[in-house]
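Colleague: coords below, sequence missing:
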């Protein structure tokens, strides 16, 4: 299982390195880079959580940040998948 985690982490790093070399000054390139970094962060966070007991508690401020991050990603995905529906906020 450790080898799988290493391979996944190496894949994410390689994916990020290829993106970081892009100029990053256009919206799409910047969005791709940010999402790839988010994938890496989420993977590492999930791996840490998997090492914890499911009954452990986490600080409410941390859970609030996770809730916001999830909501922001869902909203941005929905915007791209439903281009006819405009954001109302």
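Modeller: Arrived safely. No experiment lies behind these values; they were computed from the predicted model shown.
Colleague: for the rest of this, base every contact and every neighbour count on C-alpha atoms.
Modeller: OK.
Colleague: remind me, longest helix of this protein?
Modeller: If you go by DSSP state H, the chain has its longest helix at helix 27-50.
Colleague: and that one, what does it pack against?
Modeller: Using 3 or more C-alpha pairs under 8 Å, 6 or more residues apart in numbering; DSSP states H and E, the elements in contact with helix 27-50 are helix 2-20.
Colleague: before we move on, back to that, following the longest helix of the chain, which helix or strand comes up?
Modeller: Using DSSP states H and E, the helix or strand that follows helix 27-50 in sequence is helix 60-81.
Colleague: by contact count, what packs against that following helix?
Modeller: Using 3+ C-alpha pairs under 8 Å, 6+ apart: helix 60-81 touches no other helix or strand.
Colleague: that older thread, in the longest helix of the chain, what counts as buried?
Modeller: Of all the residues in helix 27-50, those buried under the rule 16 or more other C-alpha atoms under 10 Å are 30, 32, 33, 34, 36, 37, 40, 43.
Colleague: what mean pLDDT does that helix have?
Modeller: The predicted model assigns helix 27-50 a mean pLDDT of 95.
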